[in-house]
Structure formats: structure tokens, C-alpha cells
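K.L.:
Model the structure of this input:
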Amino acid sequence: MERGRNLSFLRSLFRKFYEENGALLETPSSMERREFGFLTLDRRIMVRHLSFEKKDELLEFIVDRVPSDCYRSAAYYMDPGAPEMSGKGWLGADLVFDIDADHIPSPCKEEHDRWRCLDCGEEGKGTAPDLCPRCGSKRIEERLWFCSRCLEAAKLETVKLLDFLTSDFGLTYDELKVYFSGHRGYHVHVESEALRSLGQDARREIADYITGLGIDPSMHGLLHLRGEDELSKLLECSSWAGRLMRGGYEFILEGSVEDFVRIGLSKYQASALVENRDVVLESWWKGGFLKSVKGLGRRGWAKVFLEAARREAALIDTVVTTDVHRLIRLEGSLHGKTGFRKTRVSGSLESFDPLKEAIAFNRGEVRIHVEKAPEFRVGDSIYGPYSDEDVELPTAAAVLLVCKGLAYVV
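P.N.:
Here you go, the predicted model:
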């Protein structure tokens, strides 16, 4: 009964949103060459292999069917509506990046993420175990949440990604479109004729470069430095050398003995590094750090630089970037797990507030029964925590809890 009320509630709201806000829906360039897909609201089944010539046709379909989520291809096809991928006739694809807070380690997940064993009912907070600690079952249900700290972590990764794309790949901001996904992260779309024809292998190389996969500090000359002049030359010809130096400097500036042991240094080496921290930092940009700590040879410095690489890399979802047939969330559409809208970041990313900018439902209040929800923010207001109680909330906050499966309309 509760599920039926929720579906009716969401269907009515989503339909009204698209009827009244069709202008907010962005259609991709060359939309007649794109494949479209939709996730049904009731059974969450993907319906794809659809094509539309004009935005009016697309909007009419969405208003009529009221999907929970709308997608379009990053690829261009001769026949995007063909029922088999082999018959579509691939013409190329935009380069797309997805940064999701779910892939970013953050302490707040231990506070707001929850799991439950579907067999014995055992519950817990944080990352779900592979097996239930009580009964050994693999049937673990996860309830993942997101908060301002999660979204800020995703934003920082997006800032790093944009630096790679502009500084290392020479793309201009006119070629980049940045969007809040409507849930836990950001999408970056690159529409460039020069990149459109890249295959999976080439896209995988781009993803590997941005994530620092297999990076070797010795290949960037940092383990054989002989002074400031040599370092200056390295920084001119290798962007990654600059990142390793910046990341290494910050790590040494902030790191504790425990941090240095964690990356593989011995207790003796870690203590020596902390004791000589000032000497290391003073000689860092002069290229003299290799001899600043007795007992910390090239292998030890390599471990420091590998940690720097981990910090400086951008945590993108590499599967999204390398898949030339990928469907990506339609710009301006609603996210079925939050009720927020996929929203273009038109100004400064640093000042963009997704929990304000992406709100789709600004009017009215809704009475709901909340089973269990952590404290959360929508707009400027903080709500919760709630546990087995009826509350009346602004529509955007109520929709979020209903979409997350944490509440039902009363």
C-alpha cells in the first residue's frame, strides 16, 4: 500500500515537473544521432534503443511515460533506434567523465551509510561486509546516503579532473560542460571533434593517465635529481612531475610517523623523515631533498611519490570514460534516487552548491512517515535525524526521502 502511494505521488510530481519545466531539459547536440533510454518508475526496468528527431517528441514521451530516470548516449549513430548495437552504425562518441562520491573514501560514510542482512536482520553502519557477521549470509542490503561532505569531496575530484583536461590535454573551457549529476557527484562532458573518433583503448589511456595508474616516479626524473636547474626542466616538460612534487610537499608537510609507515616506510625511516621535516621542505623546490634524510633512499622516496600520485590523481569512474556506447543521464532531467535535477554548473564550480542549485520542487509541503533517516540538508535547512515518525517537510526534502526508500506518503 505504501509503495503504491509513493509511486502515485512521484509519478504526479515528476509529470508536472516536465510539463511545466520542459525548457530546463537540455537536448544533446545532434540529438537525432543519439540513442535514448529510460528507467521505468514502477519496476525500474531499462527501456532503451529509442531515438527522437526533435525535443518536442522527447518531452512528449517523457510526460506520457514518466520515467524515473532519463538517459542519452554519448555516442553518435547512423541508426540510433536499431534494436541491436551491431546495427546502429557507430560514428563516434563524446568523451564523458563521471565522478561519484560512492568511489571516494570519506569518513562521513561511517556515519550515514547503513546495511542490513536480508536473512537475519543484522544491521550496521558504514561499508557493508561481504558476509553477514551474524549468520554468514551474502544477502546484504545497502542504504547509501550522501551529505555535504561527500559532495565536497566529489567537487574536489572534479576540480582536479578539469585541471588535467585543460593543462595536460589542452582543452578549453568552451569544450567542457560540467554538471551536478543529481545524486552523489559530477559529470564532465567533452564535445570535441578531435576526440570523437577515439576508440576504447585510447580512452582507457586517457583514464589511466588521469588516475595515475602505473605511474613510476623514476620515469619523471624525480629519483635522480641533481639540483634546482634540473628540477625546473622536469617541471617544464612533465605535468605529472609537478603534481608529484606538489603532492609530495603537502604529504611531508602534514604527515605523521603513522602516515609514513602506512605507505611502506620503516619506523626508522618514518621517524627520520619527521625529525628532518624542515630540512626536507627547505630543500624541496631546490631539488636537494634526495639527500636530506639519512637512510631514506630512492625506494623510500618512490613510496612518498606514489602516495603523492594517489592524492593528485582524479578519482573518475574509468568504466564510464572507456565505454563508447555508454548512456549518460540526460541534462536537466530528474534523478530517480533523489528528485534533484542534473544541473549545469554555469559559474564557479568552487562556489556551486548542489543541494541548492539542483532543487526541482520548490513549492508546498508533504506529510510522510520516515522509517529511519540521518540528518541532512536541502537548500539552507537542516532536517532529521528521524526514526519511525510522521513529519511534514518541504516537498524537495520529502521527495528525497521517498526516492531513497526511507519514507512513505501518509
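K.L.:
Strands of the stretch 151-300 of the chain, start to end?
P.N.:
Using DSSP state E, counting those that start in this stretch, the strands of the stretch 151-300 of the chain run over residues 176-180, 185-190.
K.L.:
nearest to residue 80, of the ones you listed?
P.N.:
Ranking the strands of the stretch 151-300 of the chain by their distance to residue 80 (criterion: CB to CB) puts strand 185-190 first, at 17.5 Å. In short, each C-beta sits where N, CA and C put it, glycine included.
K.L.:
Send over that closest one as PDB, restricted to the C-alpha atoms.
P.N.:
What follows is the C-alpha trace of strand 185-190 in PDB, where atoms were taken according to Å, rounded to 0.1, in the frame of the first residue of the first chain:
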ATOM      1  CA  GLY A 185      28.700  13.600  -7.900                       C
ATOM      2  CA  TYR A 186      29.500  15.300 -11.200                       C
ATOM      3  CA  HIS A 187      29.600  14.700 -14.900                       C
ATOM      4  CA  VAL A 188      32.000  16.300 -17.300                       C
ATOM      5  CA  HIS A 189      31.100  16.200 -21.000                       C
ATOM      6  CA  VAL A 190      33.700  16.900 -23.600                       C
END
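K.L.:
what angle do that strand and strand 176-180 make?
P.N.:
Regarding strand 185-190 and strand 176-180, their directions subtend 160 degrees when assessed with axes from the mean of the first three to the mean of the last three CA atoms, to 10 degrees.
K.L.:
about what we covered before: could you say which of the strands of the stretch 151-300 of the chain is packed most deeply?
P.N.:
Neighbour counts (mean count of other CB atoms under 10 Å) averaged over each of the strands of the stretch 151-300 of the chain peak at strand 185-190, with a mean of 23.
K.L.:
What are the contacting residues of that strand?
P.N.:
Residues outside strand 185-190 that contact it (CB atoms under 8 Å, 6 or more residues apart in numbering) are 74, 94-102, 151, 154-155, 158, 161-162, 165, 171, 175-181, 328-329, 342, 345.
K.L.:
where are the low-confidence patches of the stretch 151-300 of the chain?
P.N.:
Per-residue confidence for the stretch 151-300 of the chain (pLDDT under 70) gives no ranges below the cut-off.
K.L.:
Which elements pack onto the longest helix along the chain?
P.N.:
When secondary structure is assigned using DSSP state H, the longest helix within the chain turns out to be helix 2-20. Counting contacts by 3 or more CB pairs under 8 Å, 6 or more residues apart in numbering; DSSP states H and E, helix 2-20 packs against helix 55-65, helix 395-403, strand 407-409.
K.L.:
Contacts only, for the residue of the chain most remote from its centre.
P.N.:
For the chain, the largest distance from the centre (CA atoms, centre = their mean) belongs to residue 294, which lies 41.1 Å off. Residue 294 sits next to residue 272 when contact means CB under 8 Å, 6+ apart.
K.L.:
Can you list phi and psi of it for me?
P.N.:
Residue 294 adopts backbone torsions of phi -70, psi 130, taken as degrees, to the nearest 10.
K.L.:
could you check the distance from it over to residue 253?
P.N.:
As defined by CB to CB, to the nearest Å, residue 294 lies at a distance of 20 Å from residue 253.
K.L.:
same thing with residue 334?
P.N.:
If you measure residue 334 against residue 253 using CB to CB, the figure is 44 Å.
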